[in-house]
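Colleague: everything below, folded, please.
(one chain, ligands or ions: 2)
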Amino acid sequence: METTKVKYTFKDFSSDQEVKWCPGCGDYAILSAVQKALPEMDVKKEDFVFISGIGCSSRFPYYMDTYGFHGIHGRGLAIATGTKLANPNLSVWQITGDGDAMAIGGNHFIHAVRRNVDLNVILFNNEIYGLTKGQFSPTTKLGMKTKTSPEGQIQNPFNPGELVMGSKGRFFARVMDKNPKHMKEVFIQAEKFKGTSVVEALTNCVIFNDKVHDQFTQKDHQDDMLFLEHGKPMLFGKNKEYGLMLHGFKLIKVKLGENHVTIDDILVHDAHVEETGLGMMLVNAGMGDGLPRVFGVIRSVQEDTFEERMQAQVDNVRETSKFANLDELFASGETWEIE
Ligand SMILES: Cc1ncc(C[n+]2csc(CCOP(=O)(O)OP(=O)(O)O)c2C)c(N)n1
Ligand code: SF4
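Modeller: Residues are numbered from 1 along each chain as shown. Ligands and ions are numbered 1, 2, ... in the order given. Alright, predicted model coming up:
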(Lines give C-alpha, C1' and ligand atoms only; values in the text may rest on other atoms or scores of the structure.)
(Ligands and ions follow the chains in the order given, each with its own letter.)
Protein backbone atom coordinates (compact mmCIF):
# COMPACT_ATOMS: atom_id res chain seq x y z
CA MET A 1 0.00 0.00 0.00
CA GLU A 2 1.29 3.46 -0.87
CA THR A 3 1.46 6.00 1.93
CA THR A 4 1.77 9.76 1.51
CA LYS A 5 3.62 11.83 4.11
CA VAL A 6 1.68 14.88 5.31
CA LYS A 7 3.67 18.13 5.08
CA TYR A 8 2.72 20.30 8.02
CA THR A 9 3.03 24.08 8.27
CA PHE A 10 3.14 26.27 11.38
CA LYS A 11 -0.63 26.82 11.03
CA ASP A 12 -1.20 23.12 11.78
CA PHE A 13 0.24 23.74 15.24
CA SER A 14 -1.59 27.00 16.07
CA SER A 15 -4.69 26.52 18.22
CA ASP A 16 -7.86 28.66 18.14
CA GLN A 17 -7.31 29.85 21.74
CA GLU A 18 -6.93 33.57 22.39
CA VAL A 19 -3.31 34.23 23.45
CA LYS A 20 -3.41 35.95 26.83
CA TRP A 21 0.15 37.24 27.07
CA CYS A 22 0.70 41.02 27.31
CA PRO A 23 1.36 42.76 23.97
CA GLY A 24 5.14 42.78 23.44
CA CYS A 25 5.85 39.79 25.72
CA GLY A 26 8.87 37.78 24.49
CA ASP A 27 6.91 34.53 24.87
CA TYR A 28 5.15 35.19 21.52
CA ALA A 29 8.45 34.81 19.64
CA ILE A 30 9.15 31.47 21.33
CA LEU A 31 5.65 30.20 20.51
CA SER A 32 6.02 31.13 16.87
CA ALA A 33 9.55 29.61 16.64
CA VAL A 34 8.23 26.33 18.08
CA GLN A 35 5.28 26.33 15.68
CA LYS A 36 7.71 26.83 12.78
CA ALA A 37 10.19 24.22 14.03
CA LEU A 38 7.70 21.36 14.51
CA PRO A 39 6.91 20.84 10.78
CA GLU A 40 10.64 20.37 10.19
CA MET A 41 10.90 17.51 12.69
CA ASP A 42 10.25 13.99 11.49
CA VAL A 43 7.39 13.53 13.96
CA LYS A 44 3.66 12.99 13.34
CA LYS A 45 1.44 15.77 14.63
CA GLU A 46 -0.44 13.40 16.95
CA ASP A 47 2.86 12.38 18.59
CA PHE A 48 3.67 15.82 20.00
CA VAL A 49 2.74 16.58 23.63
CA PHE A 50 3.33 19.90 25.40
CA ILE A 51 3.30 19.80 29.20
CA SER A 52 3.70 22.74 31.56
CA GLY A 53 3.52 23.85 35.18
CA ILE A 54 2.18 27.28 36.21
CA GLY A 55 3.19 30.76 35.07
CA CYS A 56 2.62 33.04 32.07
CA SER A 57 4.95 30.82 30.01
CA SER A 58 3.14 27.71 31.20
CA ARG A 59 -0.02 28.77 29.32
CA PHE A 60 1.85 27.59 26.23
CA PRO A 61 0.05 24.21 25.72
CA TYR A 62 -3.29 26.05 25.16
CA TYR A 63 -1.80 27.84 22.18
CA MET A 64 -0.48 24.69 20.50
CA ASP A 65 -2.77 22.51 18.42
CA THR A 66 -1.22 19.34 19.84
CA TYR A 67 -1.89 17.14 22.83
CA GLY A 68 -1.07 19.02 26.00
CA PHE A 69 -1.33 19.19 29.76
CA HIS A 70 -1.32 22.31 31.95
CA GLY A 71 -0.07 20.87 35.22
CA ILE A 72 0.62 22.27 38.66
CA HIS A 73 3.40 24.59 39.73
CA GLY A 74 6.86 23.04 39.27
CA ARG A 75 5.51 19.55 38.59
CA GLY A 76 5.46 19.56 34.77
CA LEU A 77 8.59 17.43 34.55
CA ALA A 78 7.08 14.66 36.67
CA ILE A 79 4.08 14.54 34.32
CA ALA A 80 6.35 14.71 31.26
CA THR A 81 8.53 11.87 32.58
CA GLY A 82 5.49 9.65 33.18
CA THR A 83 4.10 10.49 29.73
CA LYS A 84 7.34 9.56 27.97
CA LEU A 85 7.80 6.33 29.92
CA ALA A 86 4.20 5.29 29.20
CA ASN A 87 4.63 5.93 25.48
CA PRO A 88 8.26 6.33 24.33
CA ASN A 89 7.12 7.10 20.75
CA LEU A 90 5.91 10.56 21.80
CA SER A 91 7.91 13.75 21.34
CA VAL A 92 7.42 15.26 24.79
CA TRP A 93 8.04 18.98 25.40
CA GLN A 94 8.05 20.58 28.81
CA ILE A 95 7.45 24.31 29.02
CA THR A 96 8.54 26.03 32.20
CA GLY A 97 9.46 29.45 33.62
CA ASP A 98 12.51 30.28 35.73
CA GLY A 99 10.34 30.31 38.87
CA ASP A 100 8.47 27.15 37.91
CA ALA A 101 11.66 25.21 37.05
CA MET A 102 14.19 26.54 39.55
CA ALA A 103 12.14 27.43 42.65
CA ILE A 104 9.09 25.28 43.34
CA GLY A 105 10.13 22.69 40.73
CA GLY A 106 13.86 22.83 41.51
CA ASN A 107 14.07 19.30 42.83
CA HIS A 108 12.13 17.88 39.88
CA PHE A 109 14.39 19.79 37.51
CA ILE A 110 17.76 18.51 38.75
CA HIS A 111 16.56 14.91 38.99
CA ALA A 112 14.93 14.94 35.56
CA VAL A 113 18.19 16.23 34.08
CA ARG A 114 20.21 13.58 35.95
CA ARG A 115 17.87 10.79 34.78
CA ASN A 116 18.15 11.66 31.09
CA VAL A 117 14.65 10.65 29.95
CA ASP A 118 14.22 11.69 26.29
CA LEU A 119 12.40 14.99 26.98
CA ASN A 120 12.71 18.48 25.50
CA VAL A 121 12.60 21.25 28.10
CA ILE A 122 12.20 24.91 27.11
CA LEU A 123 12.99 27.10 30.10
CA PHE A 124 11.57 30.62 29.58
CA ASN A 125 13.97 32.78 31.56
CA ASN A 126 12.63 36.31 32.12
CA GLU A 127 14.36 36.46 35.54
CA ILE A 128 11.07 37.29 37.29
CA TYR A 129 7.72 35.81 38.30
CA GLY A 130 5.46 37.21 35.58
CA LEU A 131 2.08 35.65 36.37
CA THR A 132 2.16 36.60 40.06
CA LYS A 133 3.21 40.16 39.21
CA GLY A 134 6.89 40.76 39.62
CA GLN A 135 8.34 38.90 42.61
CA PHE A 136 12.02 37.92 42.32
CA SER A 137 12.82 34.41 41.11
CA PRO A 138 15.91 32.19 41.54
CA THR A 139 17.45 33.75 38.40
CA THR A 140 16.87 37.41 39.36
CA LYS A 141 20.21 39.24 39.47
CA LEU A 142 21.88 40.16 42.73
CA GLY A 143 20.86 43.66 43.80
CA MET A 144 17.80 43.93 41.58
CA LYS A 145 14.82 45.80 43.00
CA THR A 146 11.54 43.94 42.59
CA LYS A 147 8.14 43.90 44.35
CA THR A 148 9.55 41.43 46.92
CA SER A 149 13.03 42.94 47.10
CA PRO A 150 12.40 46.70 47.28
CA GLU A 151 15.92 47.27 48.68
CA GLY A 152 17.56 44.92 46.18
CA GLN A 153 17.74 41.14 45.83
CA ILE A 154 20.40 39.71 48.21
CA GLN A 155 20.63 36.05 47.10
CA ASN A 156 23.04 34.70 44.49
CA PRO A 157 21.05 33.73 41.41
CA PHE A 158 21.05 30.32 39.75
CA ASN A 159 22.48 30.02 36.29
CA PRO A 160 20.30 27.36 34.57
CA GLY A 161 23.21 26.16 32.41
CA GLU A 162 25.45 25.67 35.43
CA LEU A 163 22.69 23.71 37.17
CA VAL A 164 22.27 21.47 34.11
CA MET A 165 26.03 20.79 33.87
CA GLY A 166 26.24 20.15 37.62
CA SER A 167 23.33 17.68 37.41
CA LYS A 168 25.17 15.68 34.71
CA GLY A 169 22.94 17.10 31.97
CA ARG A 170 23.77 15.92 28.47
CA PHE A 171 22.27 18.75 26.38
CA PHE A 172 22.15 22.45 27.10
CA ALA A 173 21.54 25.34 24.70
CA ARG A 174 20.73 29.03 25.05
CA VAL A 175 18.53 31.07 22.71
CA MET A 176 16.78 34.47 22.83
CA ASP A 177 13.34 35.83 21.93
CA LYS A 178 14.99 38.43 19.65
CA ASN A 179 16.39 35.77 17.27
CA PRO A 180 13.53 33.43 16.28
CA LYS A 181 15.40 31.92 13.31
CA HIS A 182 18.25 30.73 15.52
CA MET A 183 15.73 29.58 18.14
CA LYS A 184 13.94 27.42 15.58
CA GLU A 185 17.19 25.71 14.51
CA VAL A 186 18.15 24.99 18.12
CA PHE A 187 14.69 23.50 18.89
CA ILE A 188 15.16 21.13 15.94
CA GLN A 189 18.55 20.05 17.32
CA ALA A 190 17.03 19.58 20.78
CA GLU A 191 14.35 17.27 19.37
CA LYS A 192 16.95 15.18 17.52
CA PHE A 193 18.92 14.70 20.73
CA LYS A 194 17.98 11.48 22.52
CA GLY A 195 17.95 12.33 26.21
CA THR A 196 16.88 15.34 28.28
CA SER A 197 17.59 18.51 26.32
CA VAL A 198 17.31 21.83 28.13
CA VAL A 199 17.01 25.02 26.07
CA GLU A 200 17.17 28.23 28.10
CA ALA A 201 15.23 30.91 26.20
CA LEU A 202 16.01 34.46 27.33
CA THR A 203 12.65 36.22 27.13
CA ASN A 204 11.53 39.74 27.95
CA CYS A 205 8.73 40.45 30.42
CA VAL A 206 7.70 43.93 29.23
CA ILE A 207 5.62 44.55 32.34
CA PHE A 208 7.72 43.41 35.31
CA ASN A 209 11.32 43.09 34.05
CA ASP A 210 11.53 45.08 30.82
CA LYS A 211 14.88 45.13 28.95
CA VAL A 212 16.56 42.76 31.42
CA HIS A 213 18.38 40.91 28.63
CA ASP A 214 18.88 43.91 26.34
CA GLN A 215 22.67 43.90 26.62
CA PHE A 216 22.77 40.37 25.19
CA THR A 217 19.86 40.43 22.80
CA GLN A 218 19.90 43.72 20.86
CA LYS A 219 21.38 43.84 17.35
CA ASP A 220 23.64 46.80 18.23
CA HIS A 221 25.30 44.79 21.04
CA GLN A 222 27.00 42.22 18.85
CA ASP A 223 30.25 42.45 20.81
CA ASP A 224 28.28 41.04 23.76
CA MET A 225 26.89 37.89 22.13
CA LEU A 226 28.60 34.82 20.72
CA PHE A 227 26.69 32.26 18.63
CA LEU A 228 28.38 28.87 18.89
CA GLU A 229 28.54 26.32 16.11
CA HIS A 230 29.99 22.85 16.63
CA GLY A 231 33.39 22.56 14.90
CA LYS A 232 33.68 26.31 14.26
CA PRO A 233 35.97 28.85 15.99
CA MET A 234 34.38 30.92 18.75
CA LEU A 235 34.27 34.26 16.94
CA PHE A 236 31.98 37.20 17.62
CA GLY A 237 31.50 40.93 17.04
CA LYS A 238 29.96 42.78 14.08
CA ASN A 239 32.74 41.67 11.72
CA LYS A 240 33.69 38.54 13.67
CA GLU A 241 36.80 40.38 14.75
CA TYR A 242 36.83 39.06 18.34
CA GLY A 243 37.35 35.54 19.60
CA LEU A 244 37.67 33.49 22.79
CA MET A 245 40.92 31.91 23.97
CA LEU A 246 41.90 29.93 27.05
CA HIS A 247 44.43 31.67 29.26
CA GLY A 248 45.35 29.30 32.09
CA PHE A 249 42.01 28.30 33.61
CA LYS A 250 40.20 31.37 32.29
CA LEU A 251 38.45 32.34 29.07
CA ILE A 252 39.67 35.61 27.61
CA LYS A 253 38.42 37.87 24.83
CA VAL A 254 40.98 38.63 22.13
CA LYS A 255 40.97 40.65 18.90
CA LEU A 256 42.20 39.06 15.69
CA GLY A 257 45.36 40.80 14.46
CA GLU A 258 46.16 42.32 17.86
CA ASN A 259 49.14 40.96 19.86
CA HIS A 260 49.86 38.49 17.01
CA VAL A 261 46.51 36.71 17.58
CA THR A 262 45.44 34.67 14.53
CA ILE A 263 42.41 32.50 13.82
CA ASP A 264 44.47 29.43 14.82
CA ASP A 265 44.64 30.75 18.40
CA ILE A 266 40.84 30.85 18.78
CA LEU A 267 39.04 28.00 20.57
CA VAL A 268 37.06 25.67 18.30
CA HIS A 269 33.69 24.64 19.73
CA ASP A 270 33.24 20.95 20.51
CA ALA A 271 29.70 20.37 21.83
CA HIS A 272 30.35 16.62 22.15
CA VAL A 273 33.16 16.74 24.69
CA GLU A 274 32.38 14.66 27.80
CA GLU A 275 34.19 16.92 30.31
CA THR A 276 32.06 19.83 31.51
CA GLY A 277 34.91 22.24 32.40
CA LEU A 278 34.82 24.42 29.30
CA GLY A 279 31.01 24.10 29.10
CA MET A 280 30.79 25.57 32.61
CA MET A 281 32.93 28.51 31.51
CA LEU A 282 30.78 29.06 28.44
CA VAL A 283 27.45 29.02 30.33
CA ASN A 284 28.83 31.52 32.85
CA ALA A 285 30.48 33.89 30.37
CA GLY A 286 29.09 37.37 30.03
CA MET A 287 28.14 38.27 33.58
CA GLY A 288 30.33 41.27 34.32
CA ASP A 289 33.55 39.58 33.12
CA GLY A 290 33.92 41.46 29.82
CA LEU A 291 33.11 38.28 27.87
CA PRO A 292 30.13 37.84 25.52
CA ARG A 293 26.97 35.91 26.56
CA VAL A 294 27.08 32.56 24.75
CA PHE A 295 24.17 31.25 22.62
CA GLY A 296 23.55 28.03 20.70
CA VAL A 297 24.15 24.41 21.64
CA ILE A 298 26.81 24.53 24.34
CA ARG A 299 26.70 20.81 25.19
CA SER A 300 25.28 17.80 23.31
CA VAL A 301 26.74 14.53 24.56
CA GLN A 302 24.77 11.40 23.76
CA GLU A 303 24.42 8.58 26.31
CA ASP A 304 21.83 5.80 26.96
CA THR A 305 18.52 7.28 27.99
CA PHE A 306 16.66 6.32 31.17
CA GLU A 307 13.99 4.51 29.15
CA GLU A 308 16.60 2.47 27.22
CA ARG A 309 18.21 1.36 30.48
CA MET A 310 14.80 0.62 31.98
CA GLN A 311 13.74 -1.46 28.97
CA ALA A 312 17.04 -3.40 29.04
CA GLN A 313 16.48 -4.17 32.71
CA VAL A 314 12.88 -5.29 32.14
CA ASP A 315 13.97 -7.51 29.20
CA ASN A 316 16.73 -9.04 31.29
CA VAL A 317 14.40 -9.83 34.21
CA ARG A 318 11.85 -11.34 31.80
CA GLU A 319 14.49 -13.59 30.26
CA THR A 320 16.09 -14.74 33.48
CA SER A 321 13.15 -14.83 35.91
CA LYS A 322 12.19 -18.19 37.33
CA PHE A 323 8.56 -17.03 37.49
CA ALA A 324 6.33 -17.35 34.44
CA ASN A 325 3.80 -14.73 35.61
CA LEU A 326 2.78 -12.40 38.46
CA ASP A 327 0.62 -15.03 40.20
CA GLU A 328 3.64 -17.31 40.48
CA LEU A 329 5.71 -14.44 41.87
CA PHE A 330 3.08 -13.53 44.50
CA ALA A 331 2.76 -17.15 45.60
CA SER A 332 6.51 -17.71 45.72
CA GLY A 333 7.45 -16.25 49.11
CA GLU A 334 6.10 -16.58 52.61
CA THR A 335 2.33 -16.16 52.51
CA TRP A 336 -0.23 -15.67 55.24
CA GLU A 337 -3.90 -16.21 55.25
CA ILE A 338 -5.90 -13.78 57.41
CA GLU A 339 -8.97 -15.38 58.85
C1 LIG B 1 2.00 25.68 44.84
C2 LIG B 1 1.94 27.05 44.23
N3 LIG B 1 2.70 28.04 44.76
C4 LIG B 1 2.66 29.26 44.22
C5 LIG B 1 1.84 29.53 43.16
C6 LIG B 1 1.78 30.94 42.63
N7 LIG B 1 2.49 31.11 41.35
C8 LIG B 1 1.86 30.95 40.18
S9 LIG B 1 2.86 31.28 38.87
C10 LIG B 1 4.14 31.67 39.89
C11 LIG B 1 5.46 32.13 39.35
C12 LIG B 1 5.66 31.91 37.89
O13 LIG B 1 6.88 32.46 37.50
P14 LIG B 1 7.76 31.84 36.37
O15 LIG B 1 7.84 30.37 36.50
O16 LIG B 1 9.05 32.56 36.34
O17 LIG B 1 6.89 32.09 35.06
P18 LIG B 1 6.44 33.38 34.26
O19 LIG B 1 5.07 33.74 34.80
O20 LIG B 1 7.45 34.45 34.49
O21 LIG B 1 6.39 32.91 32.85
C22 LIG B 1 3.79 31.51 41.23
C23 LIG B 1 4.68 31.77 42.38
C24 LIG B 1 1.06 28.48 42.63
N25 LIG B 1 0.28 28.65 41.58
N26 LIG B 1 1.13 27.24 43.18
S1 SF4 C 1 3.43 39.58 32.75
FE2 SF4 C 1 5.37 39.52 31.65
S3 SF4 C 1 5.74 37.32 31.22
FE4 SF4 C 1 3.56 37.58 31.74
S5 SF4 C 1 2.53 37.85 29.78
FE6 SF4 C 1 2.97 39.89 30.59
S7 SF4 C 1 4.93 40.43 29.66
FE8 SF4 C 1 4.70 38.22 29.45
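Colleague: and this structure, which residues reach ligand 2?
Modeller: By CB under 6 Å from any ligand atom, the part of the chain that sits against ligand 2 consists of 21, 22, 25, 27, 56, 126, 130, 205, 206, 207, 208. Heads up, the C-betas are built off the backbone N, CA and C, glycines and all.
Colleague: what sits closest to the fourth one if chain neighbours are left out?
Modeller: Closest residue in space to residue 27, ignoring its immediate chain neighbours: residue 21 at 5.1 Å, by CB to CB, 6 or more residues apart in numbering.
Colleague: for that neighbour, give me the pLDDT.
Modeller: Note for residue 21: predicted pLDDT of 98.
Colleague: separation between it and residue 107?
Modeller: 28 Å (CB to CB, to the nearest Å).
Colleague: more neighbours: which of these two?
Modeller: Between residue 21 and residue 107, counting by other CB atoms under 10 Å, residue 21 is the more crowded of the two (19 against 11).
Colleague: that one reaches residue 60, doesn't it?
Modeller: No - with contact defined as CB atoms under 8 Å, residue 21 and residue 60 do not form a contacting pair (9.6 Å).
Colleague: please enumerate the shared neighbours of those two.
Modeller: residue 27 (CB atoms under 8 Å, 6 or more residues apart in numbering).
Colleague: the helices in the stretch 51-200 of the chain, which residues?
Modeller: Applying DSSP state H, counting those that start in this stretch to the stretch 51-200 of the chain gives helices spanning 60-63, 76-86, 98-99, 106-115, 160-166, 180-192.
Colleague: ok, residue 279 - contacts?
Modeller: Residue 279 is in contact with 161, 165, 172, 273, 298, 299, counting by CB under 8 Å, 6+ apart.
Colleague: tally of neighbours for the last one?
Modeller: Translated: residue 299. Close neighbours of residue 299, defined as other CB under 10 Å, add up to 25.
Colleague: skip the chain neighbours and tell me the closest residue to residue 274.
Modeller: The spatially closest residue to residue 274, leaving aside those adjacent along the chain, is residue 301, at 5.9 Å (CB to CB, 6+ apart).
Colleague: where does the chain have low pLDDT?
Modeller: 1 (pLDDT under 70).
Colleague: surely residue 283 meets residue 297?
Modeller: No - the pair residue 283 / residue 297 is not scored as a contact, 11.8 Å apart, by CB under 8 Å.
Colleague: overlap of the contact sets of those two?
Modeller: By CB under 8 Å, 6+ apart, residue 283 and residue 297 have these common neighbours: residue 172.
Colleague: just to revisit the earlier point, return the closest of the contacts of residue 279 with respect to ligand 1.
Modeller: Distance to ligand 1 across the contacts of residue 279 (CB to the nearest ligand atom) is lowest for residue 161, with 16.7 Å.
Colleague: ok, now which ones touch that closest one?
Modeller: By CB under 8 Å, 6+ apart, the residues touching residue 161 are 172, 174, 200, 279, 282, 283, 284, 298.
Colleague: from those, which land in strands?
Modeller: Members of these lying in strands (criterion: DSSP state E): 172, 174, 200, 298.
Colleague: quick one: which of these has the most company?
Modeller: Ranking the ones in strands among the contacts of residue 161 using other CB under 10 Å puts residue 172 first, with 30 neighbours.
Colleague: re the thing from before, residue 257: which of the contacts of residue 279 is nearest?
Modeller: The shortest approach to residue 257 among the contacts of residue 279 belongs to residue 298, at 27.3 Å (CB to CB).
Colleague: residue contacts, residue 321?
Modeller: residue 329.
Colleague: what's the spacing between it and residue 255?
Modeller: According to CB to CB, residue 321 stands 65 Å off from residue 255.
Colleague: rewinding a little: what is the nearest of the contacts of residue 279 to ligand 2?
Modeller: Using CB to the nearest ligand atom, residue 161 is the member of the contacts of residue 279 that lies nearest ligand 2, at 21.0 Å.
Colleague: helix, strand or coil for the residue of the stretch 201-339 of the chain found nearest ligand 2?
Modeller: Residue of the stretch 201-339 of the chain nearest ligand 2, by CB to the nearest ligand atom: residue 205 (3.3 Å). Here residue 205 is recorded as coil under DSSP: H, G, I helix; E, B strand; the rest coil.
Colleague: just give me the neighbour total for it.
Modeller: With other CB under 10 Å as criterion, residue 205 counts 27.
Colleague: is it true that it touches residue 24?
Modeller: No - counting by CB under 8 Å, residue 24 is not a contact partner of residue 205; they are 9.5 Å apart.
Colleague: let me know whether residue 234 touches residue 266 as I believe.
Modeller: Yes - using CB under 8 Å, residue 234 is in contact with residue 266, at 5.9 Å.
Colleague: adding distance to ligand 1, write the residues of the chain next to ligand 2 out as a markdown table.
Modeller: Shown next, in a markdown table, are those (distance: CB to the nearest ligand atom, whole Å):
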| residue | distance to ligand 1 |
| --- | --- |
| 21 | 9 |
| 22 | 11 |
| 25 | 9 |
| 27 | 7 |
| 56 | 4 |
| 126 | 5 |
| 130 | 3 |
| 205 | 6 |
| 206 | 12 |
| 207 | 10 |
| 208 | 8 |
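Colleague: out of those, grab the one that's most surrounded.
Modeller: residue 126 (31 neighbours).
Colleague: list the contacts of that one.
Modeller: Applying CB under 8 Å, 6+ apart, the residues contacting residue 126 are 26, 57, 97, 98, 202, 203, 204, 205, 208, 209, 212.
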